[in-house]
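K.L.:
sequence and computational prediction follow.
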2 protein chains.
Amino acid sequence: MDTSLLPVGHADIDAAARAIAPFAVRTPLLSPPVLSERLGAKVFVKPEVLQRTGSFKFRGAFNKLSSIPPDARGGGVVAFSSGNHAQGVAAAAQILNMRATIVMPADAPLAKRERTKAFGAEVVLYDRDREDREAIARDIAGQRGATLVPPYDDPMVIAGQGTVGREIAEDLAVLGVEPDIVVVPVSGGGLVAGVATAIKARFPRAMVMSAEPEGFDDHARSLRAGKREAHEARGRTICDALMALTPGEITFAINSRLLATGVTASDAQVAAAVAFAFRELKLVVEPGGAVGLAALLAGHVEARGKNVVIVLSGGNVDADLYARLIA
Amino acid sequence: MDTSLLPVGHADIDAAARAIAPFAVRTPLLSPPVLSERLGAKVFVKPEVLQRTGSFKFRGAFNKLSSIPPDARGGGVVAFSSGNHAQGVAAAAQILNMRATIVMPADAPLAKRERTKAFGAEVVLYDRDREDREAIARDIAGQRGATLVPPYDDPMVIAGQGTVGREIAEDLAVLGVEPDIVVVPVSGGGLVAGVATAIKARFPRAMVMSAEPEGFDDHARSLRAGKREAHEARGRTICDALMALTPGEITFAINSRLLATGVTASDAQVAAAVAFAFRELKLVVEPGGAVGLAALLAGHVEARGKNVVIVLSGGNVDADLYARLIA
């Protein structure tokens, strides 16, 4: 397929890989026997829980911040985030000696709030149900001359997240393995857009799938409809990181072209996947980071006999919630 | 130093690496920025929690079992173990289609008992304070014609565990890094003996250190004394995997020549290390597997400015204990 007109190309991801290399963790590609044996497939796991800040978000944030011209860095950066993007931006700003302000929902996990502050960022809380985080962030950006760092709908952010897919493709190529299926947790779609761009550049036949919490399935719906649709969930999911209402504009321009389909998992299936990762994989995965694994373990992905890659996108979970999930 | 007269040589470890390669996980060598930045050192982590069965023990068990001649395999194998060796032997026996009987203390963590049975082994429980596990295992071996698989005091077992050190040395050599210090959790001394043999073969100046729970410091004492001494602890430690009374004969013949010193950590320091690994490394580590990390974080290893490797030797911990440790 012709991907030359898409907003992010694999050359952008190559450039991002060079930009983040001195500071990002090149996470390994694991292949836990227990997972392959259980599913009758060859399963690979990309543990972005091992990334700096505990999620993939550092990649996109650092790539974006390092692209800000020196004369614009004095105003600092501002971002809105339920948590992992916040930590990614805060850590990137700290490394680059920039001021960071993070607009975060008041009900974000305590661990994510505290860790964001620990990276030296100022945290401004808002009410998820009554206030508009984007408007608050834009106000701060206007007052301070700060650069807004979008969580997903930005080519530099997408290219940074794409380094996850680039590393997967590199490691599979060394092993001589062609992936049949790649499953990626999705909220606004930045990670999966970058991963799909990198994977499809090397393995055009691979099927890349978005994974979302049941009900919060705006990508699955939008991919079926061929246009951006909102999900209909009104409540909460334990996947606090995956509550975007609709796919991003830029991300969906990519994902509508490159993704095969979207899968989902219920909160109970996600909880079981978090416990499985504790018991069998020895990896700490937050609910949102485990939704792809959950879909796989629940049988929502036709894995048998296939080469399957799942991304575990983050591991920032409060200890008390984690204790309940693994009990 | 002349190591040619030691019971295990690096050629034995090379052979073990070939034997286990089809089934063991080649675990990655991680370098979490958070650990290096906190300690002012370059810290590498060998996460044997990612090994098949959740600990390094599979390596030695599989190497030993695969060395049993075909005509002696019919009698199966028997082992005594507080847990991780049990799983290693059970999993290796399952792969090799051999019968396994495991003699296990009645107070071993439930997770370890259940997982051992899940690998198809028969579990025989004994009273840790009143019965002699070695005698029970020898009785079973005599009755059934089974081969006894010692947990550590056996050259094939030591050579298998040595593949941990071989992989560390290989990966460091690729990075062009010479290790100054390698810290390894120790009970009977099999893992550290194998690791030291492999590390010193490639990096003769590296200091390899045993790490033990405070009080259960028979290696630290024995290394100081130059002969095998028992520890004086009477109670329990949360490091259920590390309660051997004295170093092994064969392991100490190696360790007394190759180890620099022994360090310790208190149960509170071990608990803090388990919580640190949860929060910052996103790795599930059992208390015994975290004792080296604990000694490092507690400042018991002079790490500043050095290249330091720590082995996280296992991750099989009951969910309820884990929940208390990370709270």
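P.N.:
Alright, I've got the coordinates.
K.L.:
need the residue closest to the centroid of chain A.
P.N.:
A:L191 (4.5 Å; C-alpha atoms, centre = their mean).
K.L.:
could you say what helices and strands the helix or strand containing A:A79 packs with?
P.N.:
A:A79 belongs to strand A:77-80 when elements are defined using DSSP states H and E. On a contact count with 3 or more C-beta pairs under 8 Å, 6 or more residues apart in numbering or on different chains; DSSP states H and E, strand A:77-80 meets helix A:84-95, strand A:100-105, helix A:133-144, strand A:147-148. In short, each C-beta sits where N, CA and C put it, glycine included.
K.L.:
can you say which of the ones you listed is packed in most?
P.N.:
Across these, the average number of neighbours (mean count of other C-beta atoms under 10 Å in any protein chain shown) peaks for helix A:84-95, which reaches a mean of 28.
K.L.:
mind giving me the packing neighbours of that one?
P.N.:
helix A:57-66, strand A:77-80, strand A:100-105, helix A:110-118.
K.L.:
okay, helices next: where are they in the stretch 201-327 of chain A?
P.N.:
In the stretch 201-327 of chain A, the segments counted as helices under DSSP state H, counting those that start in this stretch are A:218-225, A:249-258, A:267-276, A:291-297, A:319-326.
K.L.:
what about the nearest residue to A:K112 once chain neighbours are set aside, neighbour count?
P.N.:
Excluding the flanking residues, the one nearest A:K112 by C-beta to C-beta, 6 or more residues apart in numbering or on different chains is A:G83, at 3.2 Å. Neighbourhood size, A:G83 [other C-beta atoms under 10 Å in any protein chain shown]: 26.
K.L.:
so which of the helices of the stretch 201-327 of chain A is the most packed in?
P.N.:
Stretch with highest mean neighbour count among the helices of the stretch 201-327 of chain A: helix A:291-297 (a mean of 30; mean count of other C-beta under 10 Å).
K.L.:
list the helices and strands it packs on?
P.N.:
helix A:33-39, strand A:181-185, strand A:207-213, strand A:259-265, helix A:267-276, strand A:307-312.
K.L.:
could I get the contacting residues of A:P150?
P.N.:
A:79, A:157 (C-beta atoms under 8 Å, 6 or more residues apart in numbering or on different chains).
K.L.:
hmm, back to that, the residue nearest to A:K112 and A:E114 touch, don't they?
P.N.:
No: contact criterion C-beta atoms under 8 Å: A:G83 and A:E114 do not qualify, at 10.5 Å.
K.L.:
export stretch A:156-170 to PDB, keeping only CA atoms.
P.N.:
Output of stretch A:156-170 as PDB, limited to C-alpha atoms (Å, rounded to 0.1, in the frame of the first residue of the first chain):
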ATOM      1  CA  MET A 156       6.500  14.100  16.500                       C
ATOM      2  CA  VAL A 157       4.700  12.300  19.300                       C
ATOM      3  CA  ILE A 158       3.500   9.500  17.000                       C
ATOM      4  CA  ALA A 159       7.000   9.100  15.500                       C
ATOM      5  CA  GLY A 160       8.400   8.800  19.000                       C
ATOM      6  CA  GLN A 161       5.900   6.100  19.900                       C
ATOM      7  CA  GLY A 162       6.700   4.400  16.600                       C
ATOM      8  CA  THR A 163      10.100   3.500  17.900                       C
ATOM      9  CA  VAL A 164       8.400   0.800  19.800                       C
ATOM     10  CA  GLY A 165       7.300  -0.800  16.500                       C
ATOM     11  CA  ARG A 166      10.700  -0.200  15.000                       C
ATOM     12  CA  GLU A 167      12.400  -2.100  17.800                       C
ATOM     13  CA  ILE A 168       9.900  -5.000  17.500                       C
ATOM     14  CA  ALA A 169      10.500  -5.100  13.700                       C
ATOM     15  CA  GLU A 170      14.300  -5.100  14.200                       C
END
